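Visitor: can't give you the sequence, but here's the structure:
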Ligand SMILES: Cc1ncc(COP(=O)(O)O)c(C=O)c1O
Ligand SMILES: Cc1ncc(COP(=O)(O)O)c(C=O)c1O
C-alpha cells in the first residue's frame, strides 16, 4: 500500500469539478421547484434549465430546441438508435442500420436489441488502428438504410474517427447520422454543423460533470420516435421531471471544459506522450493500441504480452494507481475487448491490455510515478507467468483440458 | 407580493432533505469512482450503490436483486410497461394491456406508444371518487392480457387504489401486475408482497430525495425485456454508468421517510383535514375531488366553480403560495385534467381545480394563511367572471364563435 | 412565463365589470375550453365611450381582456374593429406560444360586441359608414 | 470484490516458480480464455514433496493457484486428487460468482500434474494403490 494515489481512469468517469457542485447545490434545497410549475419557484427552475440548454446549444452550434437532456450517454445512444429505427418501423420504411464493431455497448446492444425485432445491421470494419474508412460506410449504404451510428472517439483505444467525412457521405446519401461523442467531449470540437451530424450523444460525468445526465442533440427534421413517454417535458421528446441540478451541472462542466479546451488538450497530450514514451522505453513486448496521432489527447492503451489485465490492475491499485483493462476478467461478458478484437489484436494478447486515461488533475509526477511502478509489476507478473517470449505454442503438450465459460 | 411563502405542491416535487444532500455530496468530488471499476475508488462506489439497494429492498420487502435504479418514475413506468409488452411481442404472446384512465401520463403515454405498434388497451373505469373496482379489472382480463398497470395512489386527487385486491386478481389470473407507487411513497406501506405486485415504480424527488432517480422493483421471474441497452450495470437490466450519488440520495430519503412514516402521515393528515374543512367552511360552490377517506394524507383537491385554475395559481403565487391545477392552461395538452374527466367532473368545472399537497415542513400557520388568502382570491376572480351560480347556459345567446385549440 | 405587462394587467385588470344598460354585448370562448370573455360597450357618436369586461380564464385571458379594453376605449367602432388578437398580445409584450391561440380572444369579443351593437342599432351604424 | 484471503494470496503468492526436474507437470486453462496455470510437482513416497506454479491470469487465478499448492503440499497423491476447485475457493473465503468457473482451475491443474506423474511412473503409482 502507498500514500500516493494517481487516478488514470478518466475515460471511465471523472470527479465532479467543485465549481460544478457549487452550481448544482442550490437546486437541491432552495431552488427545488418543478420546472413545469407555474409559480415563481417553478419558473426559477425552468429558467435555470433553459439557460443550461442555451449554454450547451451554443457550444454545439445548435439551436436550443435541438438539445435534449437525458439520463446519460447510454440513454442518448439508445434514444437516437431505437428512436430512428422505431420511427422507420411505424412508417414501414428503412430496416437497415450501419455501425462499427468498435462502438460502445450502449450502441452495440441497442442495435442487437433491434435485431431481435427484425432490423438488419452492417458493421463497417476498422483498420488495425481502429479507424473507419468513410468509403466503406458509403459502400454499406443500402436503399433501406435508415441510420448510421459511428462514434466520434473510441473509449478504449482513443481512435478519433473521420466524423465530418462520414457525415458528408450521410448527407449526400440522405441517411440520418448519429455519433456517440461521449469520449470526445472536453477534447475535440463539438460543432454539429462542422461535424455533419444529425444526432450526437454526450455524458456529463466524462467531463467533470455529474453522473446520470447527458445530452442528445437532434437536428430539426430528423425522423425519430422519442422513447421515454409521459409528461410534456423537453418539448415532448423526453418525459420525466427534469433533473434541474444535473442539467445545470452538465452545462457548467461543459462550459468550463469548452473554455479551457486548448489548455486541456495540451496538458493531456503532454502527459499522454510522456507515458507512452516511458512505457515503450522501459517495458519490452509492449504494444500501443490505437493510432499514434489522431488519438484522444488523454488516452494511453497498451497490450503487455504474457500478462493478464486484471492482475495488472490489482497490482496498480495496491500502488495507488487507478486504471482499466479490456481483459475478459474485467468485463461482465468474459470476453476480452471487442474493440481490440475488431482491430485484430490476437485474443491472448488482448487479455493483457491496460488503458490509462489522464485528466485535468494529473501531473508529470503522477506519470513518473506510474513509470517507476508499472515496469516492476509487469516484470513480476511475467515471472509468474507460464508464457514466455519465443514460446510458440502456449500451454500445449502437457495434459490439458479446455474449460468453458459460463455467465 | 408577500414575505410569507407556503409550498403546497409536494405532489409535484419536494425540496431535497439536507441530510440527503449531505449523504450525496461525497459521491461527487471524493468517492467519484465508477462502480464497475476494479480499483478501490470503484469498489467504494460499488459498495455505496449496493448498500443503497439493500436499504431500498428492505423497505420494499424485496430481494436486493429485484431493485433497479432508474432515472425516475417516468423511466420506471416506461420500462415496466414497454418491457413486458415487447417481451410478449418477441415471444408472440399477449398483446393486451389493462390500465385505468386516471394513470399518470408516464403510464398512459407508454400504452399509447405501444398502441401505435398494435398492442391493445382496456381502460378500466373509475367511480366518481376515482376508485378502481378489482372486479372490473378481473372482467377486463382476456386470454391475451399480458400486463395490468394500475397506480397505487393518484397524483391529482389522492385516491388510494385497492392494489392488494387487484394484485390477488392478477395472481389468480396469472397476469403480471405493475403499480405506479410514485405518490404513495412516504405515506403508504410499500411491501411488495403484501401489495401482491410484480413491478413497482418510485421516484425520489417525491419523498425529499433528488430529481432524476427512481426505482423499478421487478419480482424475480417477471417476463420483461429490459429497455435501456448497453453496459452490464444493474444486473444487465438497466445499462448506463450508475448515478451513485443519486442512488445514495434515494435510499437515504426513503429510509428517513420510512422511519418517520407514522408521524408524517399524522402531520400531513392533520394539515390536510384542516385545509379541507376550512375551505368548505369559507368558500361556496367548492367541491372536494377524490374520496374523503381512503385518500393520500397530503392531498387536497377542490374544484371552485366559475373560476379557472391558472388564474387562481397566479394569484396564490403573488401571495407566496405554491399550488397546482388540473386546468387546461397549466397542462401542455390544453385539455383539463384527464383524471377529473374520468371521475365525471364536468369539463368546465374541471378547469377550476386546485390541488394543494402538504408536506413535511408545512405548519398549521401555513394552512391558516392559505385559508385567509384563498377565499379572497376566489371571490375576486368570481366577481371578474361572467359565470354565475344559477346560470344555466353559460355564454350562449350572445354573438359567439367557437375557437379551436392548436398545439 | 408571462411578461411584466401581462402580470400587471392580470393583477390589476382595467375595466372589469358589467354595463347594465350596455349598447352591445359580445362573448367569445367557451367555459368547456377554459376561457370565456364577455365584453360590454357603451357607444356614443360611433365611439366606444365605455367598456367593461368579465372573463373566466387563465392569466393570459384576463390580461388580454384588460389590455384590449384599454386599447379600444375612446376609439371609433371602425378603429376598434381593426384591433387584432395579435396586436393585443404585442401590446402586452408577447404571450407564451400556447396562449396565443387559446386565451387571446379579447379582440374577437370586442368585435362581437360591436357587431351586437350594430345589429341592434342599424341606423346609427349605417350613418357611420 | 475479492476477499482478504484472495488479496493476500494474490499479492504474496506462495510456491511461485518452476521445478526443472519435476516428476509431473500439469497445465490447465488457455491463454485465449485469459487463464493458464502450470503446476510442477516433486513426488516422494507417494507424497507431494514440493510443488510450484506458474499462472497467467486474473487475481482469482493467481490466488487459487497459490492456495491450491499450499493445500496439497505434503499431502499424498490420493489426498491431493480429492482437492476440488470448490474447496480451493472455499479456503479463500469464496470467489465472486463469475470467477468460480473461469479462474478457479488450480485443483484441476494439480490433478493433471499427478496424472502426468502417474503416466510417467506406472510402477510407483501402482505400488501406492
Ligand atoms: C463512448 C461511450 N459511449 C457511451 C457511454 C455511456 O455513457 P454513460 O455510462 O454515461 O451512460 C460511455 C461511457 O460509459 C462511452 O465511453
Ligand atoms: C403518479 C406519478 N407517476 C409518475 C410520475 C413521474 O415521475 P418523474 O417525473 O420523476 O419521472 C409522477 C410525477 O411526476 C407521478 O406523480
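Guide: Ah, there it is. Note that the coordinates shown come from a computational prediction; the quantities given were computed from them, not determined experimentally. Ligands and ions are numbered 1, 2, ... in the order given.
Visitor: which stretches of the stretch 101-250 of chain A form helices?
Guide: Applying DSSP state H, counting those that start in this stretch to the stretch 101-250 of chain A gives helices spanning A:105-115, A:134-140, A:163-172, A:233-236, A:244-259.
Visitor: Report the inter-axis angle for the last one versus helix B:244-259.
Guide: What separates the directions of helix A:244-259 and helix B:244-259 is an angle of 160 degrees, with axes from the mean of the first three to the mean of the last three Cα atoms, to 10 degrees.
Visitor: which one of the helices of the stretch 101-250 of chain A lies closest to ligand 1?
Guide: The minimum distance between ligand 1 and the helices of the stretch 101-250 of chain A falls on helix A:105-115, with 4.4 Å, by Cβ to the nearest ligand atom. From N, CA and C alone the C-beta is placed, and that goes for glycine too.
Visitor: what sits against the residue lying closest to residue A:7 once chain neighbours are set aside?
Guide: Excluding its sequence neighbours, the residue lying closest to residue A:7 (Cβ to Cβ, 6 or more residues apart in numbering or on different chains) is residue A:322, at 4.8 Å. Counting by Cβ atoms under 8 Å, 6 or more residues apart in numbering or on different chains, residue A:322 touches A:5-9, A:316, B:33, B:37, B:39-42.
Visitor: Show the buried residues in those.
Guide: With burial judged by 16 or more other Cβ atoms under 10 Å in any protein chain shown, the buried subset of the contacts of residue A:322 is A:6-9, A:316, B:33, B:37, B:39, B:41-42.
Visitor: Could you dump the helices of the stretch 101-250 of chain A into CSV and include mean pLDDT?
Guide: Shown next, in CSV, are the helices of the stretch 101-250 of chain A (pLDDT from 0 to 100):
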stretch, mean pLDDT
helix A:105-115, 98
helix A:134-140, 98
helix A:163-172, 98
helix A:233-236, 95
helix A:244-259, 98
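Visitor: quick one: residue A:45 and residue A:30 touch, right?
Guide: No. Residue A:45 is not in contact with residue A:30 according to Cβ atoms under 8 Å; the separation is 10.4 Å.
Visitor: Who has more neighbours out of those two?
Guide: residue A:45 (26 against 12; other Cβ atoms under 10 Å in any protein chain shown).
Visitor: Where does pLDDT dip in chain A?
Guide: Where chain A drops to pLDDT under 70, the residues are A:1-2, A:329-334, A:390-407.
Visitor: domains for chain A, by residue range?
Guide: Under automatic domain parsing, the residue ranges defining each domain of chain A are A:6-14+A:261-384, A:18-259.
Visitor: Make CSV from those domains and add distance to residue C:62 to it.
Guide: As requested, the domains of chain A are exported to CSV (distance: least, Cβ to Cβ, whole Å):
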stretch, distance to residue C:62
domain A:6-14+A:261-384, 49
domain A:18-259, 14
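Visitor: which of the contacts of residue A:322 lies closest to ligand 2?
Guide: Of all these, ligand 2 sits closest to residue B:33, with 26.3 Å by Cβ to the nearest ligand atom.
Visitor: Assess the claim that that closest one and residue B:45 are in contact.
Guide: Yes. Taking Cβ under 8 Å as the definition, residue B:33 is a contact partner of residue B:45 at 4.1 Å.
Visitor: Any chance of the domains of chain A in JSON lines with distance to ligand 2 as columns?
Guide: What follows is the domains of chain A, written out as JSON lines (distance: least, Cβ to the nearest ligand atom, whole Å):
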{"stretch": "domain A:6-14+A:261-384", "distance to ligand 2": "24"}
{"stretch": "domain A:18-259", "distance to ligand 2": "3"}
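Visitor: Relative to residue B:13, which of these is closest?
Guide: Of all these, it is domain A:18-259 that lies closest to residue B:13, at 4.1 Å by Cβ to Cβ.
Visitor: Quick one: check the closest one for contact with ligand 1.
Guide: Yes. Using Cβ under 6 Å from any ligand atom as the criterion, contacts between domain A:18-259 and ligand 1 involve A:72-74, A:77, A:104, A:106, A:151, A:155, A:180, A:182-183, A:203, A:205, A:214.
Visitor: Pick out whichever of those residues sits closest to residue A:309.
Guide: Checking the residues of domain A:18-259 next to ligand 1 against residue A:309 by Cβ to Cβ gives residue A:155 as the nearest, at 15.5 Å.
Visitor: ok, the residue lying closest to the closest one once chain neighbours are set aside - how many residues close by?
Guide: In space, and not counting its chain neighbours, residue A:155 is closest to residue A:183: 4.8 Å by Cβ to Cβ, 6+ apart. Residue crowding around residue A:183 was assessed by other Cβ under 10 Å; the count is 29.
Visitor: ditto for the one 5 residues further on
Guide: Using other Cβ under 10 Å, residue A:188 is surrounded by 17 other residues.
Visitor: Which residues are in contact with it?
Guide: Contacts of residue A:188 (Cβ under 8 Å, 6+ apart): A:152-153, A:160, A:181, A:296.
Visitor: on that earlier part again, can you name the two of the residues of domain A:18-259 next to ligand 1 that are farthest apart?
Guide: For the residues of domain A:18-259 next to ligand 1, and using Cβ to Cβ, no pair is farther apart than A:151 and A:205, which are 17.2 Å apart.
Visitor: can you pull the contacts of the residue nearest to residue A:32 when sequence neighbours are not counted?
Guide: Leaving out its chain neighbours, the residue that sits closest to residue A:32 by Cβ to Cβ, 6+ apart is residue B:15, at 4.2 Å. Contacts for residue B:15 (Cβ under 8 Å, 6+ apart) come out as A:28-30, A:32, B:7, B:208, B:361.
Visitor: which of those has the most neighbours?
Guide: Most neighbours among the contacts of residue B:15, by other Cβ under 10 Å: residue B:208, with 28 neighbours.
Visitor: So which bits of the stretch 151-300 of chain A are right by chain B?
Guide: A:203, A:205, A:210-213, A:227-232, A:236, A:239-246 (Cβ under 8 Å from any Cβ of the partner chain).
Visitor: buried set for stretch A:163-177?
Guide: Here stretch A:163-177 shows A:163, A:165-167, A:169-170, A:175-177 as buried, counting by 16+ other Cβ under 10 Å.
Visitor: what's the answer for stretch A:372-389, then?
Guide: By neighbour count on 16+ other Cβ under 10 Å, the buried set for stretch A:372-389 is A:373-375, A:377-378, A:381-382, A:384-387.
Visitor: got it, and stretch A:119-129?
Guide: For stretch A:119-129, the neighbour count (16+ other Cβ under 10 Å) marks A:119, A:122-124, A:126, A:129 as buried.
Visitor: Among those, give me the pair with the biggest separation.
Guide: Checking the buried residues of stretch A:119-129 with Cβ to Cβ, the most distant pair is A:119 and A:129, at 29.2 Å.
Visitor: Show me the shaky parts of chain C.
Guide: C:124-129.
Visitor: mind listing the helices for it?
Guide: Here chain C has its helices, by DSSP state H, at C:4-11, C:59-72, C:77-82, C:85-91, C:97-102, C:106-120, C:122-128.
Visitor: does any part of the second one sit near chain A?
Guide: No. In terms of Cβ under 8 Å from any Cβ, no part of helix C:59-72 sits within range of chain A; the closest distance is 8.6 Å.
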